[in-house]
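**Student:** Structure here, sequence nowhere to be found:
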Ligand SMILES: [Zn+2]
């Protein structure tokens, strides 16, 4: 029941995240202004703005001018719903649910904006960090010190490669690592490991397919890997950290 509810809220949140991804890099307000068709500028009617469903009913076309509407919109809504349901399914106490939802909600627009514009906006990482700090402190005061320490550790860990090779990793990635630490606590280690592994594997696959030179020139932002690592850590981070601490 809780999972279904989380998925339904996730759809609505995903619909808002589409607006964030579209407007935030342009410096436009995400709170005001109605959505319109970029081709004919007709306002999008409320009944054509239902997450996923409207896109399917309209078969991916504007009702007024027939211009195609990117499949990315319903995909972002569906992905956010899946991530919300996932957090509701795996988190076992309130603080984990809240911090998990805060994190996945930030990771969706961060991933897309980093892929589109190769930057991670402070306008997302900063408020997410503040919300995570306040919510973490309020819901689990005893664990906050550990989460802050994890955030600092994760940020410092990425600060070195970001300074050595600023073309491969940026200060936005360092801040994102801090946000991951504030939401995940010690499980952020799993997120960083998965991010580095998946990033390296993808780089190797690219080098094998199109040559080392081209792979070096094809810059892939690191944010999406960190986001992927974050989701893996939400699902598997706690058991991995516990197993590690029990065995060593
Ligand atoms: Zn139109």
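**Tutor:** Cool, got the structure. Note that the coordinates shown come from a computational prediction; the quantities given were computed from them, not determined experimentally.
**Student:** Report the spatially closest residue to residue 182, excluding sequence-adjacent ones.
**Tutor:** Among residues not flanking residue 182 along the chain, residue 132 sits closest, at 4.1 Å (Cβ to Cβ, 6 or more residues apart in numbering). In short, each C-beta sits where N, CA and C put it, glycine included.
**Student:** need the contact list for the spatially most central residue of the chain.
**Tutor:** When the chain is reduced to its mean C-alpha position, the nearest residue by Cα atoms, centre = their mean turns out to be residue 107, at 1.0 Å. Residues near residue 107 by Cβ atoms under 8 Å, 6 or more residues apart in numbering: 83, 227, 230, 231.
**Student:** So which residues make contact with the helix or strand of the chain with the lowest mean pLDDT?
**Tutor:** Across the helices and strands of the chain, mean confidence by mean pLDDT, DSSP states H and E is lowest for helix 212-217: a mean of 73. Outside helix 212-217, the residues that touch it by Cβ under 8 Å, 6+ apart are 203, 206, 207.
**Student:** Also stretch 129-139?
**Tutor:** 94-95, 98-99, 102-103, 143-144, 147-148, 151, 175, 178-179, 182-183.
**Student:** Out of the residues you listed, who's the most crowded?
**Tutor:** With neighbours defined as other Cβ atoms under 10 Å, the most crowded of the contacts of stretch 129-139 is residue 183; it has 34 neighbours.
**Student:** Domain boundaries for the chain, per the record?
**Tutor:** Following automatic domain parsing, one finds the domains of the chain at 1-90, 91-248.
**Student:** Redo the ones you listed as JSON lines? Include distance to the ion.
**Tutor:** Below are the domains of the chain laid out as JSON lines (distance: least, Cβ to the ion, whole Å):
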{"stretch": "domain 1-90", "distance to the ion": "3"}
{"stretch": "domain 91-248", "distance to the ion": "22"}
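**Student:** quick one, helices of this structure?
**Tutor:** For the chain, applying DSSP state H gives helices covering 2-23, 53-57, 72-90, 94-117, 122-139, 141-164, 171-184, 188-210, 212-217, 223-247.
**Student:** Worst mean pLDDT among those?
**Tutor:** Among the helices of the chain, helix 212-217 carries the lowest mean pLDDT, a mean of 73.
**Student:** Spatially nearest residue to residue 38, not counting backbone neighbours?
**Tutor:** Using Cβ to Cβ, 6+ apart, the nearest residue to residue 38 is residue 67, at 7.6 Å.
**Student:** cool, and residue 63?
**Tutor:** In this structure, residue 63 finds its nearest non-sequential neighbour in residue 48, 5.8 Å apart by Cβ to Cβ, 6+ apart.
**Student:** quick one, what contacts that neighbour?
**Tutor:** 54, 58, 63.
**Student:** And residue 86, by the same measure?
**Tutor:** Counting by Cβ under 8 Å, 6+ apart, the residues that residue 86 touches are 104, 231, 234, 235.
**Student:** Contacts for stretch 65-74 next, please.
**Tutor:** By Cβ under 8 Å, 6+ apart, stretch 65-74 touches 18, 37-40, 42, 51-52, 55-56, 58, 60-62, 112.
**Student:** Off-centre distance for it?
**Tutor:** Its chain's average C-alpha position is 22 Å from that of stretch 65-74, according to Cα atoms, centre = their mean, to the nearest Å.
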